[in-house]
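Student: Test case, fold it:
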Amino acid sequence: MVTARSADTRREPQQDRSRATRQRLLSAAVACLAELGWTGTTVAVVAERAGVSRGAAQHHFPTREDLVTGAIEHMSEVRAAEIAGAQPALPTGPRRTEAVLNVLADLYGGPLFRAALQLWMAAATDEALRAQVAPLEARLGREAHGMAVELLGADESRPGVREMVQATLDLTRGLGLAALLRDDSARRTRVLAEWASTLDTVLPPPS
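Tutor: Residues are numbered from 1 along each chain as shown. Okay, the predicted model is just below:
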């Protein structure tokens with residue numbers, strides 16, 4: 001006789017496997033976007049990269065657009081986790097601002113940024129994709145802004161501070177773009193150090 005408890009016990013491993021499969025697909029989607037671009041990132045290609053059947057992939061993500069939506073949300077979660085992981089190691093005192101800028105700049109480097117960039121470029125000429133990506137990208141922008149405010153200890157009730165935070169994100173994104181084709185680490189270090197000095201004149205002193 002199958003009891004409710006035994007049914008629940010069987011269901012939990014199935015749910016765990018389902019979540020694990022979904023996570024593998026999302027990670028594979030980000031990797032494919034970064035390496036192959038939008039046109040090369042199909043459900044079949046992602047399924048092969050993730051090591052699951054196409055049918056299993058389509059069970060979680062019936063269309064490529066569904067997969068992309070999930071990948072954007074996955075990128076947001078990974079980025080938030082990276083910020084949370086880096087936060088305890090941030091120094092206090094006068095070097096904190098520069099350290100925060102390096103953490104923010106890291107948001108715009110690596111496969112997550114390259115994957116997002118591929119989506120932006122594709123969405124610029126694909127109206128249907130743009131309609132799907134734009135709201136999610138706007139949410140990611142708000143989340144990144146909120147993270148920057150928290151890490152910098154910025155008081156946005158003061159005139160000009162919100163704009164300085166946004167300029168910081170624009171700057172770090174630009175540095176990420178500059179590093180796509182060549183090693184730009186030396187220039188990045190100099191630029192961030194100079195910008196940290198500028199921010200320290202308008203933000204509260206580091207605690």
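
Student: who touches Pro111 in this structure?
Tutor: Contacts for Pro111 (C-beta atoms under 8 Å, 6 or more residues apart in numbering) come out as Val30, Ala31, Ala34, Glu35. Quick note: C-beta positions are derived from backbone N, CA and C, even for glycine.

Student: Inside strands: which ones of those?
Tutor: In strands, judged by DSSP state E, none of the contacts of Pro111 are found.

Student: List buried members of these by neighbour count.
Tutor: In the contacts of Pro111, burial by neighbour count holds for Val30, Ala31, Ala34, counting by 16 or more other C-beta atoms under 10 Å.

Student: now, among the contacts of Pro111, which is nearest to Leu112?
Tutor: Val30 (6.4 Å; C-beta to C-beta).

Student: And that closest one, how far from Thr189?
Tutor: Separation of Val30 from Thr189 (C-beta to C-beta, to the nearest Å): 27 Å.

Student: remind me which residues of the protein are low pLDDT?
Tutor: 1-12, 204-207 (pLDDT under 70).

Student: For it, which segments count as helices?
Tutor: All helices of the chain, identified by DSSP state H, fall at 4-40, 43-50, 54-60, 64-86, 96-106, 110-125, 127-152, 161-178, 185-199.

Student: Single out the most deeply packed of these.
Tutor: helix 96-106 (a mean of 21; mean count of other C-beta atoms under 10 Å).

Student: Contacts for that one next, please.
Tutor: Here helix 96-106 has contacts from 82-83, 86-87, 90-91, 144, 147-148, 151-152, 168-169, 172, 175-176, 188, 192-193, 195-196, 199-200, 203, 206-207, using C-beta under 8 Å, 6+ apart.

Student: do the same with stretch 23-42
Tutor: Counting by C-beta under 8 Å, 6+ apart, 45-47, 49-52, 57, 60-61, 64, 67-68, 70-71, 74-75, 111-112, 114-116, 118-119, 121-122, 126, 129 sit against stretch 23-42.

Student: Redo the buried ones among the contacts of Pro111 as a markdown table? Include distance to Val100.
Tutor: Output for the buried ones among the contacts of Pro111, formatted as a markdown table (distance: C-beta to C-beta, whole Å):
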| residue | distance to Val100 |
| --- | --- |
| Val30 | 25 |
| Ala31 | 28 |
| Ala34 | 25 |
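
Student: which one among those residues gets closest to Glu137?
Tutor: Closest to Glu137, out of all of these and judged by C-beta to C-beta, is Val30, at 14.7 Å.
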